[in-house]
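K.L.:
The amino acid sequence is not available; the structure is as follows:
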């Protein structure tokens, strides 16, 4: 979590949970309804907190979206690194499929055109 994205760094478990709930709500709204539906009032409502409480964590909608992008990037990087570790002794095609299929599948853009004999 980058300091520039948040007003305060959540240190206690409850504050960290609220921070995560805000990002979870942003992801749900973005995926279900599109970017135009993402706003601070809507996210606060989704989480069940006041807009003022949301602003204690993030200065604006853009900071929430940037923090969400950072979180997704970290998740995808971890998935790729785990996939690389798990496929260390496999063929290149099998490793590529194992590493990138889950990432691309989550993005909805994977095409099944990798060699199948690997």
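P.N.:
Everything's here; your move. It should be emphasised that the depicted structure is a prediction, and the values quoted were computed from it without experimental measurement. Numbers count the residues shown, from 1 in each chain.
K.L.:
where does residue 34 fall, phi/psi-wise?
P.N.:
phi 90, psi 170 (degrees, to the nearest 10).
K.L.:
neighbours around it, how many?
P.N.:
Residue 34: 9 surrounding residues under other Cβ atoms under 10 Å. Glycine gets a C-beta too; all of them are placed from N, C-alpha and C.
K.L.:
Report the separation between it and residue 42.
P.N.:
12 Å (Cβ to Cβ, to the nearest Å).
K.L.:
can you check residue 56 too?
P.N.:
Residue 56 is 17 Å from residue 42, by Cβ to Cβ.
K.L.:
Ok, residue 18 next?
P.N.:
Distance of residue 18 to residue 42, given as Cβ to Cβ: 16 Å.
K.L.:
what does residue 96 give?
P.N.:
39 Å.
K.L.:
before we move on, what about residue 80?
P.N.:
32 Å.
K.L.:
Over to residue 26?
P.N.:
Distance check for residue 26 against residue 42: by Cβ to Cβ, it reads 9 Å.
K.L.:
Can you pick out the residue with more neighbours from those two?
P.N.:
Comparing residue 26 with residue 42 by other Cβ under 10 Å, the one with more neighbours is residue 26, at 25 against 16.
K.L.:
Kindly list the main-chain dihedrals of residue 59?
P.N.:
When read as degrees, to the nearest 10, the backbone of residue 59 gives phi -70, psi -20.
K.L.:
right, I mislabeled it, should have said residue 89
P.N.:
Main-chain torsions, residue 89, degrees, to the nearest 10: phi -100, psi 20.
K.L.:
where in this protein is pLDDT low?
P.N.:
By pLDDT under 70, the low-scoring segments of the chain are 1-8, 102-118.
K.L.:
Recalculate using a threshold of 90.
P.N.:
1-11, 75-118 (pLDDT under 90).
K.L.:
so which helix or strand takes in the most centrally placed residue in it?
P.N.:
The centroid of the chain falls nearest to residue 72 when counting by Cα atoms, centre = their mean (2.8 Å). In the assignment (DSSP states H and E), residue 72 maps to helix 61-86.
K.L.:
All good on my end, thank you.
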